[in-house]
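Undergrad: Make a model of this:
(chains A and B)
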Amino acid sequence: MLMLLNLLEITKLSQNELPLPYHTKLDSLSSRPRWRARDDNQASTMRIMVAIKRVVDYAVKIRVKPDKTGVETNNVKMSMNPFCEIALEEALRIKESGLASEVVAVSMGPSQCVDTLRTGLAMGADRGIHVEATSVLYSLTVAKILKSLVEVEKPGLLFLGKQAIDDDCNQTGQMVAGLLSWPQATFASKVVLDKEKQVATVDREVDGGLETLSLDLPAVITTDLRLNQPRYATLPNIMKAKSKVIKKYTPQELNVDIKSDLEVIQVTEPPKRKAGVIVSSVDELIDKLKNEAHVI
Amino acid sequence: ASTLVLGEHENGLIKGQSVSAVDAAKCLSEDNPVSMLLAGSGPSLKEAAQHAASCHPSISQVLVADSDKFSYPIAEPWAKLVHMVQQRDGYSHIISASGSFGKNILPRAAALLDVSPITDVIEISGSSQFVRPIYAGNALCTVRYTGANPCMLTIRSTSFPVPPSSAASQSNEAPITQVDLSTLDEDSIGKSRYVKHTSQDAERPDLGSARIVVTGGRGLKSAENFRMIEKLAEKLGAAVGATRAAVDAGFVPNDLQVGQTGKIVAPELYIAFGVSGAIQHLAGMRDSKVIVAVNKDADAPIFQVADYGLVGDLFEVIPELLEKIPEKK
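TA: Alright, predicted model coming up:
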């Protein structure tokens, strides 16, 4: 639930700006089994969609607004959510290994999300889709928008970060998977695609270890920290990204109502811990823990 | 009001964090019958149902879905199950603990029910107002749920500790009812299959529920040195934690990571060695009752949250602690 007040910025999926005949051809090839090992010499036609979100940069120390309406985002450095970078990186690696033909990045929120999309295009995404919305987008709305875009784009895989580092909700991937009736693998730390069987085998980071699932495609995968190390965009790729297409939609055009069943009452600072003491020796520490704090 | 709690079980026992979810349900309203929903198959499910019936006095009913579809906690059938039970019984609230089990399943079920779930609730004020951390716990957001039933929450179990006395209560034996699965919608079930589970270390106490946690950071320098942390944890009967830096450096497996994206812990005693105190790490342990930090850098941010700080070389401090700390009883 994104409590992301203010200018909000969710980013996710992608869309097609190819010349129409090619587009039509792709769609006809990708009807039900979305991609099929056609001929070993031919690249797969699978498309991958990646949702990317614009958030306050990881390294910024956030400030709660004095009027308690939210967190200050004006004049604060904004970046792509780190988990979304990992999601995009994984999609790019799959494409580079010849198992997908196209990576489409999608972002939702205010006009500045285009900057985030450009970053994604500079990393290597082929196209961008920006769903422009100035109001707060909660996970349920984001999931519905993603579902609509999936219906247009027909990707074989939808990647999302497992959570955004602003609202820490950890919901959208699960929700869009539910809406699509697609299988899901959340918190992925390893993804292996079997092109023949159209199956993704995913290691998931769960409490107390790793769980391995095997999913029929199409599927939703949300990425955990250790899946990969995202690349940096190189200067030539940044230049190239400027000419890549970003298609705009409004939620209305995708037949999604922005309504909300949540209301943010206030945003406050967490209670401060009271100042502690510096002890001078191990003996003093053990004494305090035993006789003052009574914890050992 | 009436609440459905999604129960997680293992080896025939309800997990402590699911019992905490029952405790959270009590905070929603005075008059709030709580049903616990269990799914699985075979004898361990039966044992878990017995345990559920008496594990918390607030549980008024145990619902059991027994099918091979639920042999593993896969999100697709579980979400359909929650959807079906909600359609039948019309709960006002559905709660799970916000571990990897609940976070995987509950949002998917919420989407099927067309409601917005609320993640990681740490405080409940009445039936529709909740507090949850955002920005790695650097801000707290109070939200009100204004939508239709059910209101769906995952709760942070460390914020709803269950007193041992109520957990042990035998006086209340809730009835156990089998869920009729004949109308379960099978669409999307079977598209994902469980392959295996690799667990790292079953010997030590669970990080999420241990009374004491000993954590090592980048300052440990190597996997070999990290064994000192493990030795100390053993002596204290503690769980072992690590920072993201220590995990990324390969000192320990990743399920030991404490922080915004790892485990959230709130033990009685948290001891951090060679941990600088990045905000993402603090997010995972700031609610610990007593925090001890040992770091040779007196300016490390970890000291700002520590109740007891010791500026010193951990390679001297840990051996001294090993020698001087009393054996656990």
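Undergrad: Point me to the helix or strand that includes residue 106.
TA: Unless you meant another one, I'm taking chain A. strand A:102-109 (DSSP states H and E).
Undergrad: wrong one, I was asking about chain B
TA: Using DSSP H and E, residue B:106 falls in helix B:100-112.
Undergrad: Likewise for residue B:187?
TA: Short version, using DSSP H and E: residue B:187 is in no helix or strand.
Undergrad: Next one: it from residue A:251, what distance?
TA: Counting by CB to CB, to the nearest Å, the gap from residue B:187 to residue A:251 is 26 Å. Heads up, the C-betas are built off the backbone N, CA and C, glycines and all.
Undergrad: Apart from its chain neighbours, what residue comes closest to the spatially most central residue of chain B?
TA: Geometric centre of chain B, nearest residue: residue B:99, 4.2 Å, by CA atoms, centre = their mean. The shortest distance from residue B:99 to any non-neighbouring residue, by CB to CB, 6 or more residues apart in numbering or on different chains, is to residue A:207 (4.9 Å).
Undergrad: so what's that neighbour up against?
TA: B:99-101, B:208, B:255, B:263 (CB atoms under 8 Å, 6 or more residues apart in numbering or on different chains).
Undergrad: Look at residue B:187 and residue A:251 and report which has more neighbours.
TA: residue A:251 (20 against 10; other CB atoms under 10 Å in any protein chain shown).
Undergrad: does the more buried one really touch residue A:131, like I thought?
TA: Yes - using CB atoms under 8 Å, residue A:251 is in contact with residue A:131, at 6.2 Å.
Undergrad: about what we covered before: now, which of the contacts of residue A:207 sits nearest chain A?
TA: Using CB to the nearest CB, residue B:100 is the member of the contacts of residue A:207 that sits closest to chain A, with 4.1 Å.
Undergrad: That closest one: how many residues sit nearby?
TA: Counted by other CB under 10 Å, the residues lying close to residue B:100 total 22.
Undergrad: Quick one: residues contacting it.
TA: Residue B:100 touches A:186-187, A:204-207, counting by CB under 8 Å, 6+ apart.
Undergrad: Between residue A:251 and residue A:131, which contacts overlap?
TA: Common neighbours of residue A:251 and residue A:131 (CB under 8 Å, 6+ apart) are residue A:145.
Undergrad: How about stretch B:276-296, which residues are buried there?
TA: B:276-288, B:290-295 (16 or more other CB atoms under 10 Å in any protein chain shown).
Undergrad: With adjacent residues omitted, what lies nearest to residue B:189?
TA: residue B:77 is the one closest to residue B:189 (CB to CB, 6+ apart), at 4.7 Å.
Undergrad: ok, the closest residue to residue B:67 other than its chain neighbours - contacts?
TA: With sequence-adjacent residues excluded and distances taken as CB to CB, 6+ apart, residue B:67 is closest to residue B:181, at 5.6 Å. Contacts for residue B:181 (CB under 8 Å, 6+ apart) come out as B:65, B:67, B:81.
Undergrad: so which strand or helix has the first one?
TA: It refers to residue B:65. Counting by DSSP H and E, residue B:65 is part of strand B:59-66.
Undergrad: Of the contacts of residue B:100, which belong to strands?
TA: Mapping the contacts of residue B:100 onto strands (DSSP state E) picks out A:186-187, A:204-206.
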